[in-house]
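S.K.: quick check, what structure comes out for this input:
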Amino acid sequence: MLYGILIALQMIISVLLVVTILLQASKGGGLAGIAGGMMSSAVFGGRSAASFLTKATTILAALFMMNCVGMAVMTANQGNATSVTQQAVGQSQAGPVPSIPGGTTVDEGQSNQAPAQTPTQTPAQTPAQSGGK
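M.R.: Next comes the predicted model:
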């Protein structure tokens, strides 16, 4: 339950971090000019917008890292340290014994003998073959 909340929080922080980084004005103007670059200057002022976005980026980056560390600590204490690949190999080795059509199973102790042939049934004769009309 708590791990799911941390995952959701991580996703929100990630999106906010990307947005704040992209909104910062770079030497070329950045994406800050897309949403009306003059409007963002009017809201925050010339220098305060850069300082606000810098502080927001720093805070979001710190939250991102702390959340990563928290999730790593939570998963480290689970005790079962097998990878998905190891689990798949374990399941394939412990799988059921394959069966041969005819009801017999293949064991490692048996030799590779062909399965016994079952008698085949002949198709029923048609009236033309039996001489009837």
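S.K.: and the next helix or strand past the worst-scoring helix or strand of the chain on mean pLDDT?
M.R.: When the helices and strands of the chain are scored by mean pLDDT, DSSP states H and E, helix 37-44 comes last with a mean of 52. Where DSSP states H and E defines the elements, the next helix or strand beyond helix 37-44 is helix 46-76.
S.K.: and that next one, what's buried?
M.R.: By neighbour count on 16 or more other Cβ atoms under 10 Å, the buried set for helix 46-76 is 49, 50, 52, 53, 56, 57, 60, 63, 64, 67, 71. For every residue, glycine as well, the C-beta is placed using N, CA and C.
S.K.: from residue 66, how far off is the fifth one?
M.R.: Okay, so that is residue 56. 16 Å (Cβ to Cβ, to the nearest Å).
S.K.: any figure for the gap between residue 5 and residue 12?
M.R.: 11 Å.
S.K.: again with residue 93
M.R.: Residue 93 is 42 Å from residue 12, where distance means Cβ to Cβ.
S.K.: and if you look at residue 25?
M.R.: Going from residue 25 to residue 12 by Cβ to Cβ gives 24 Å.
S.K.: the two - which one has more neighbours?
M.R.: Neighbours of residue 25 and residue 12, each counted by other Cβ atoms under 10 Å, are more numerous for residue 25; the result is 16 against 12.
S.K.: the more buried one in helix, strand or coil?
M.R.: Three-state assignment for residue 25 (DSSP: H, G, I helix; E, B strand; the rest coil): coil.
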